[in-house]
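Chemist: Fold the following, please.
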Amino acid sequence: MSDGWTDGKSRCLINFLVNSLVGTWFMKSIDASDTIKNGELMFKYLDEVVEEIGEENVVQVITDNASNYVNVGMRLIEKRRKLWWTPCAAHCTDLMLEDIGELNVHATTLSRARQVVKFIYGHTWVLSLMRTFTKNHELLRLAITRFATAFLTLQSLYKQKQALIAMFSSEKWCSSTWAKKVEGMKTRSTVLFDPNFWPHVAFCIKTTVPLVSVLREVYSEERPAMGYIYELMDSAKEKIAFNCRGVERKYGPIWRKVDARWTTQLHRPLHAAGYYLYPQFPYGDKFSNVDEVRKGLFECMDRMLAYQERLKADIQLDSYDQAMSEFEGCIAIDSLTLRSPTKLQKFAIRILSLTCSASGCERNWSTFESVILLFL
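Modeler: Below is the predicted model:
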């Protein structure tokens, strides 16, 4: 994994980390201040890291999806025929929020909300009065990214709607010097008299919080996100449509912003394969067994497996698809949703080993085992 950041001296540093089932380790850091825009050198850095770790040990290389990294990633998978380049899911999701924030309603609402929050937090007396009415609840909510923070702040603002209305209607406010200043009168007018402000705040929350939840999930280390991102994005879109009461005119522009990033950047064969190979999804009622899911799985196997291993994997997939052997029965299937990722890994290995043995295949299937482990 490659992660760029800027330190207090404005140096552009790139961290290289290695992730496996056991955890994530820091490998090294380089100062790329003079080379961050140089695609040739960025390719060299990533290629050297793959060489140092061993190409046979690398399933995917993850970076953000800035244009220079996209070009580097494409070059890397052309040279290294067994691995994948994948853009960072968290970065892509954050960019979805940024794109949605540029829609007219969202941009206008965020701008007005920022003005309200800036006025309140910019003046000690006003902030103290607000805390009196909100019982010390704050409006600012920090999140893992700037755009997530903006929409979560909207959520906090909406939760304190009645408290803010009471505050700007109170005698204490009306008798203060701030009530007679232009900035104060403008903020009060937004909170009390703007007929669109609060409805639009509610709309912005309903159409973005599902994506913020996705962002939290992919940042979390409680479970591997690779097998979940496909399902998470589908669920987020469904939730947005539900929050808009199924009115396409309302949720359509949001979906188009999400799809623009998902289709061109985030939708990768590894994500589709991970969705397919996590047992609780294909055995669930809402499994989207569409062509693109199976296509992603087959692309992964074609790229990562030798011909003979590919044949064995097809046989194992037949047993997996048909819930044969130890996958049979309600107890076995229902328990998949309750098992931890670690137990699921062992369970999948054991089952695939048994089905391979039962079909007369050799037990040498370590490559496919590593693919299964990646997603589980």
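
Chemist: residue ranges with poor pLDDT in the chain?
Modeler: By pLDDT under 70, the weakly predicted segments of the chain are 36-37, 142, 144, 221-227, 279-286, 288-290, 323-376.

Chemist: buried set for stretch 235-254?
Modeler: Buried residues in stretch 235-254, counted by 16 or more other CB atoms under 10 Å: 236, 237, 239, 240, 241, 243, 244, 250, 251, 253, 254. C-beta: built from backbone N, CA, C; applies to glycine.

Chemist: Could I get the residues you listed in a markdown table, plus columns for secondary structure and distance to residue 8?
Modeler: Converted to a markdown table, those look like this (DSSP: H, G, I helix; E, B strand; the rest coil; distance: CB to CB, whole Å):
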| residue | secondary structure | distance to residue 8 |
| --- | --- | --- |
| 236 | helix | 35 |
| 237 | helix | 39 |
| 239 | helix | 39 |
| 240 | helix | 38 |
| 241 | helix | 44 |
| 243 | helix | 41 |
| 244 | coil | 43 |
| 250 | helix | 43 |
| 251 | helix | 42 |
| 253 | helix | 39 |
| 254 | helix | 37 |
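
Chemist: so residue 61 sits in a helix?
Modeler: No: Residue 61: not assigned to a helix; according to DSSP: H, G, I helix; E, B strand; the rest coil it is strand.

Chemist: roughly how far is stretch 141-149 from the heart of the chain?
Modeler: Centroid separation for stretch 141-149 versus its chain: 13 Å, with CA atoms, centre = their mean, to the nearest Å.

Chemist: Can you name the residues in contact with that stretch?
Modeler: Residues outside stretch 141-149 that contact it (CB atoms under 8 Å, 6 or more residues apart in numbering): 90, 94, 97-98, 101, 152-153, 155-156, 212, 215-216, 219.

Chemist: isn't residue 154 right up against residue 111?
Modeler: No: Residue 154 lies out of contact with residue 111 (CB atoms under 8 Å); the separation is 11.4 Å.

Chemist: Distance check, the most far-flung residue of the chain relative to its centre against residue 163.
Modeler: Relative to the centre of the chain, the most outlying C-alpha is that of residue 175, 47.6 Å out, by CA atoms, centre = their mean. Note on residue 175: its distance to residue 163, by CB to CB, to the nearest Å, is 19 Å.

Chemist: One more: residue 83?
Modeler: 53 Å.

Chemist: now residue 305
Modeler: In this structure, residue 305 and residue 163 are 60 Å apart, going by CB to CB.

Chemist: start to end distance for stretch 76-89?
Modeler: Stretch 76-89 has its terminal residues 19 Å apart, counting by CA to CA, to the nearest Å.

Chemist: now that stretch, how far from the centre of its chain.
Modeler: Centre to centre, stretch against its chain (CA atoms, centre = their mean), the figure for stretch 76-89 is 19 Å.

Chemist: Same check on stretch 59-74?
Modeler: In terms of CA atoms, centre = their mean, the centre of stretch 59-74 is found 16 Å from the chain centre.

Chemist: same deal with stretch 9-26?
Modeler: Averaged C-alpha coordinates place stretch 9-26 at 18 Å from its chain's average position (CA atoms, centre = their mean).

Chemist: for it, which positions count as buried?
Modeler: 12, 13, 14, 16.

Chemist: any idea what the closest residue to the last one other than its chain neighbours is structurally, helix, strand or coil?
Modeler: Across the structure, with CB to CB, 6 or more residues apart in numbering as the measure, the residue nearest residue 16 apart from its sequence neighbours is residue 27 (4.5 Å). Residue 27 carries the three-state label strand when classified by three-state DSSP.

Chemist: Run a quick neighbour tally on residue 27.
Modeler: Close neighbours of residue 27, defined as other CB atoms under 10 Å, add up to 13.

Chemist: got it, and the one 5 residues further on?
Modeler: By the criterion of other CB under 10 Å, residue 32 has 17 neighbours.

Chemist: can you check residue 192 too?
Modeler: Residue 192 has 13 nearby residues by other CB under 10 Å.

Chemist: Residue 62 too?
Modeler: Residue 62: 21 neighbours (other CB under 10 Å).

Chemist: thought it was touching residue 90?
Modeler: No: the pair residue 62 and residue 90 fails to qualify as a contact (CB under 8 Å) at a distance of 9.9 Å.

Chemist: Which residue ranges make up the domains of this structure?
Modeler: According to automatic domain parsing, the chain comprises the domains 2-87, 89-267, 271-375.

Chemist: what distance separates the start and the end of the second one?
Modeler: Put plainly, it is domain 89-267. 9 Å.

Chemist: Centre of the chain to that domain, how far?
Modeler: The chain centroid and the centroid of domain 89-267 are separated by 18 Å under CA atoms, centre = their mean.

Chemist: Now the residue farthest from the centre of the chain. Its backbone dihedrals?
Modeler: The phi/psi pair for residue 175 (degrees, to the nearest 10) reads phi -90, psi 0.
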